[in-house]
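> Make a model of this:
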Amino acid sequence: MPRKGQKFPEASISKLKESLQKYNSAKYDWDIIEPYLDISFENRQKKQTSIVITLREFKQFIQDGNSLRDIKNRGICKHLVGFFSNLSQGKINLTKKVFVEEYESGMSLDEMSEKYTVLRGNMSFLRHLYDIKRKGATFIHRKNTETLLTPIQKEVLYGSMMGDASGSKNPPSSVKFKQGENQKDYLFWKYGIFKNIASKTSLKSVSAIDHRSDVEQIAWRFYTYANTDVETCVLEFYASGHKEVTNLILDELTPLSIAVWFMDDGQTDWGHRSRVKKDWYPMPTCKFMTQSFSHESCLLIQKWFKEKYDIDTRLQEISLSNRTGYKVAISNDSIYAFFDLIEPHILPMFQYKTNYKSYLEKRKLNEDGVLVGENMHCPIGADFTALPHEEQDEHIGYIVNTLQRKGIEWLVEEPEDHIKTMKTVLTYDAKFLLKSDYISFSNIGNKFLMSHYTNFWSARSKGGKSPKEIFNNKQYLAEIIKGIVSSGYFPSNQKILTKLRQYRSNKSVSGFMPCVAKAIYEKYCPDNGKVLDFCAGYGGRMFGAFACDKVSSYTGIEVNFKSYYNSGELYRNLLKFSGEKKQVVLINQDAIVGMKQFSDNAFDFCFTSPPYFDTEEYSDDESQSIFQYTSYGKWFKKFLLKSVKEAIRISKKVAINIANTGSYMIADDLEEWLNKSSIKYDKDRLRIPHYGQNYRFEPIFIF
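Numbering: from 1, shown residues only. Reported below is the predicted structural model:
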């Protein structure tokens, strides 16, 4: 040892460093950390002011002869250095496989730290190193308290996932069950099975738009809570990123599962028409609607049916919008073996799918219905067309006479469920309709709205007939009723009204949908805004304004007295049934004359959709703009432009929804005028249903 104040020779210091380097290197097993050398710990250390390094950098520091203290003195995170040292020396005996198993079972990091004698701080670093997502207290509590699925729950779960049920994505630990209004009882049956692991608040009816037809659909649904067994099922179905079938899934299916799958997504055609008209009893045809699955999944299903139950199937190819799909059909020789397999588990409401007698009973129930307040009976489908023509005429004649005696107004009376629909509009989140480059469509609330406007059914499109004219013609109405019952449906009020509007491609008049109007107010109306609508029409924009929290008052100008009067009735019912209060002013006057009474900037937002010249005839009243201005040029200049100028004067912001129609380029002409007048404007788009074709869009000018 050197004395005090005496220095070590350089050679001794060099030997000491070399000895220390060899000692340090001998402590570490670099093979342990080889797979993790370049993993970054930056994300974990967001609030850390000290320096963060990788395992590769740590290894290099050690190989250069630095001690742990030397490394820490460089400002590097001391906790991270300690973790790297313990890991590299093999002091952390917890592999990724074991870590994942324990963590996924619900064991907390504290519990794992104690069990495997690993410092608690090192456990957090280890979770990051193994790239395992953090599991919070909720997950750990769920793992420790959850109830495992019973065998029946598991069977119904897998059968439902083969059919209508869908799994959550983030996290994939819950399943949504959803059925249409007609299958509400079936949905409640499933809820009863999963009641102990299902959210009570999620069991409810919901309104949604079927984007294939843009028609409102009422459905019932509920969700399960997060559950490990449910999560296992969901991950199996969505292993590829979208719902598919694997051998692992098929091995879980039991006869009960298959029955649930068939009740969800199975169809049976009994060949009833042939049995009635030709006295021929063909084999029923059964198929699963598996077109959402890939071809590979359908082939697996086909193979599994044969190997598991000796049931032969075939694939029916169908053309989808952007690909080919396949239905799995049961072969004729295996139909009754298939029925024997699932029939013990089929609910009474679905026995028409496996039992012809039950099918006939269901048809019989469908033949009875309530028509304009009267209980009526009429054979439908093949049972109707098999009758002698005289008996067919007798049935149709009775229905037509009953309808015409009551009048079309009876068809549009306000039923009780319209009140529920009205309340749905008030609570509807219209922002859902606001897309990045257009405003979408929803017809929610339209039945309630149009039940107030009986004059709507007297309006006609250019060159066409009004629904009321068609209704009052015995021959036309008889053709409509016969078409409905021949197709296998009872002629309900709504079906008749729909067919009246669609009769022989007759173009019908349309009103503005209240939820769409609400969305436009949400997007363009300022908070606490006063709204003007100088062509109030059939009340859709008024209803939307009443439902929108951003609108403080609505003023509607309408020249048609019947529409004006009916809008008053609508407003009174909105006040009565909603319990809400909002100022609505209705003026029965010409649009231009009505606006002249207001001062400049009296309104915050003006939104309307004026008549498209003579495209639609709302009444024979001479006050209508098409009767005042009989040529397009006069109408455009003296009605549309004057109305727009007045709207610009009395409103701080104006939105006009109008489109080109036929040979009249109304939207183009309006845009040209705005440009010539140096009026700055923006254009939005409104998506309009176009059944059987691509959607079409109408412009909205905002200035």
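> so V412 sits right up against N455, yeah?
No. If you go by Cβ atoms under 8 Å, V412 and N455 don't touch, sitting 10.6 Å apart. The C-beta positions use only the backbone N, C-alpha and C, and glycine is treated the same way.
> shaky segments in the stretch 201-350 of the chain?
Along the stretch 201-350 of the chain, segments meeting pLDDT under 70 span 207-216, 277-280, 321-322.
> the strands in it, which residues?
For the stretch 201-350 of the chain, applying DSSP state E, counting those that start in this stretch gives strands covering 204-210, 215-223, 266-269, 285-288, 313-319, 324-330.
> Partner strands of the second one, with direction?
Sheet pairing here is set by DSSP bridges, and for strand 215-223 it gives strand 175-180 (antiparallel), strand 204-210 (antiparallel).
> just the fourth one next, same as before
According to DSSP bridges, strand 285-288 forms sheet pairs with strand 266-269 (antiparallel), strand 324-330 (antiparallel).
> So what touches it?
Contact partners of strand 285-288, identified using Cβ atoms under 8 Å, 6 or more residues apart in numbering, comprise 261-262, 265-269, 271, 301, 316, 327-330, 332, 335, 338, 353.
> ok, of those residues, which come out buried?
261-262, 265-266, 268, 271, 301, 327-330, 335, 338, 353 (16 or more other Cβ atoms under 10 Å).
> between the residues you listed, which is closest to F701?
Closest approach to F701 among those (Cβ to Cβ): D265, at 45.9 Å.
> Any figure for the gap between that closest one and M289?
For D265, the distance to M289 (Cβ to Cβ, to the nearest Å) stands at 4 Å.
> cool, V654 as well?
49 Å.
> And for D269?
13 Å.
> where are the low-confidence patches of the stretch 51-200 of the chain?
Ranges of the stretch 51-200 of the chain meeting pLDDT under 70: 106, 110, 134-145.
> which residues in it form helices?
Applying DSSP state H, counting those that start in this stretch to the stretch 51-200 of the chain gives helices spanning 55-63, 68-73, 78-88, 96-104, 109-115, 120-129, 137-145, 151-162, 184-193.
> Most tightly packed of those helices?
helix 151-162 (a mean of 22; mean count of other Cβ atoms under 10 Å).
> Measure how that one sits relative to helix 184-193, angle-wise.
Orientation of helix 151-162 against helix 184-193 (axes from the mean of the first three to the mean of the last three Cα atoms, to 10 degrees) gives an angle of 140 degrees.
> contacts for helix 151-162?
Contacts of helix 151-162 (Cβ under 8 Å, 6+ apart): 149, 165, 167, 175, 177, 190, 193-194, 197, 229-230, 233-234, 237, 243, 245, 249, 252-254, 256-261, 264-265.
> again, only using 6 Å
Helix 151-162 is contacted by residues I193, C233, F237, E252, L253, T254, L256, S257, V260, W261 when judged by Cβ atoms under 6 Å, 6 or more residues apart in numbering.
> What of stretch 252-266?
155-156, 158-160, 162-164, 288-289, 341-342, 345-346, 350.
> what about S553, which SS state?
Secondary structure for S553, judged by DSSP: H, G, I helix; E, B strand; the rest coil, is strand.
> swap in the one 3 residues further on?
Taken by three-state DSSP, the conformation at G556 corresponds to strand.
> Now it. Nearest residue, chain neighbours left out?
Spatial nearest neighbour of G556, chain neighbours left out: A536 (3.3 Å); criterion: Cβ to Cβ, 6 or more residues apart in numbering.
> thinking again about what came up before, compare the strands of the stretch 201-350 of the chain and give me the one nearest S50.
Among the strands of the stretch 201-350 of the chain, if distance is taken as Cβ to Cβ, the winner is strand 215-223, at 44.2 Å.
> picking that back up, do you know which of the strands of the stretch 201-350 of the chain lies nearest F605?
Here strand 204-210 is closest among these (Cβ to Cβ), at 25.5 Å.
> residue ranges for the helices of the stretch 501-650 of the chain, please.
Under DSSP H, counting those that start in this stretch, the stretch 501-650 of the chain gives helices at 514-524, 540-547, 561-578, 591-596, 625-628, 632-634, 642-650.
> Outline the domain layout of the protein.
For the chain, automatic domain parsing gives the domain ranges 12-140, 146-253, 265-354, 363-427+460-505, 514-702.
> buried sites along stretch 451-461?
Quick answer for stretch 451-461 (16+ other Cβ under 10 Å): S451, H452, Y453, T454, N455, F456, W457, S458, A459, R460, S461.
> what's the spacing between E244 and L320?
In terms of Cβ to Cβ, E244 sits 16 Å off from L320.
> So between these two, which is more surrounded?
For the pair E244 and L320, the greater number of neighbours falls to E244 (17 against 10), based on other Cβ atoms under 10 Å.
> what's the closest of the contacts of stretch 252-266 to S85?
Y158 (48.8 Å).
> The helix or strand encompassing Q494 versus strand 215-223: what angle between them?
Using DSSP states H and E, Q494 falls within helix 493-502. Here helix 493-502 runs at an angle of 140 degrees relative to strand 215-223 (the same axes, to 10 degrees).
> and stretch 598-610, which residues are buried?
Residues F598, A602, F603, D604, F605, C606, F607, T608, S609, P610 are the ones in stretch 598-610 that count as buried (16+ other Cβ under 10 Å).
> Farthest pair within the residues you listed?
So, the buried residues of stretch 598-610 by Cβ to Cβ: farthest apart are A602 and S609, at 20.8 Å.
> Show me what the helix or strand R687 falls within is packed against.
When secondary structure is defined by DSSP H and E, R687 falls within strand 682-688. If contacts are counted by 3 or more Cβ pairs under 6 Å, 6 or more residues apart in numbering; DSSP states H and E, strand 682-688 sits against strand 696-702.
> Adding pLDDT and distance to L68, write the buried residues of stretch 598-610 out as JSON lines.
Output for the buried residues of stretch 598-610, formatted as JSON lines (pLDDT from 0 to 100; distance: Cβ to Cβ, whole Å):
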{"residue": "F598", "pLDDT": "96", "distance to L68": "81"}
{"residue": "A602", "pLDDT": "96", "distance to L68": "78"}
{"residue": "F603", "pLDDT": "97", "distance to L68": "74"}
{"residue": "D604", "pLDDT": "97", "distance to L68": "69"}
{"residue": "F605", "pLDDT": "97", "distance to L68": "69"}
{"residue": "C606", "pLDDT": "97", "distance to L68": "74"}
{"residue": "F607", "pLDDT": "97", "distance to L68": "71"}
{"residue": "T608", "pLDDT": "95", "distance to L68": "76"}
{"residue": "S609", "pLDDT": "92", "distance to L68": "76"}
{"residue": "P610", "pLDDT": "89", "distance to L68": "80"}
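> And L315, how far from K652?
62 Å.
> Revised request: answer the last question for P689.
Distance, P689 to K652, using Cβ to Cβ: 32 Å.
> Also L670?
Remark: distance between L670 and K652 (Cβ to Cβ) = 20 Å.
> Repeat that for R541.
Taking Cβ to Cβ as the measure, R541 falls 18 Å from K652.
> Over to I470?
44 Å.
> Quick check on those two: which one has the bigger neighbour count.
Between I470 and K652, I470 has the larger neighbour count (other Cβ under 10 Å), namely 25 against 15.
> now the buried ones among the contacts of strand 285-288 in TSV, with distance to P526?
Putting the buried ones among the contacts of strand 285-288 into TSV (distance: Cβ to Cβ, whole Å) gives the following:
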residue	distance to P526
W261	52
F262	54
D265	48
G266	53
T268	57
G271	62
I301	56
K327	53
V328	56
A329	58
I330	61
I335	65
F338	63
K353	55
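> farthest pair in the residues you listed?
G271 and I301 (24.5 Å).
> neighbour-wise, which of V654 and M289 wins?
V654 (24 against 16).
> I'd say that one and C606 touch.
Yes. The criterion here is Cβ atoms under 6 Å, and V654 meets it with C606 at 4.6 Å.
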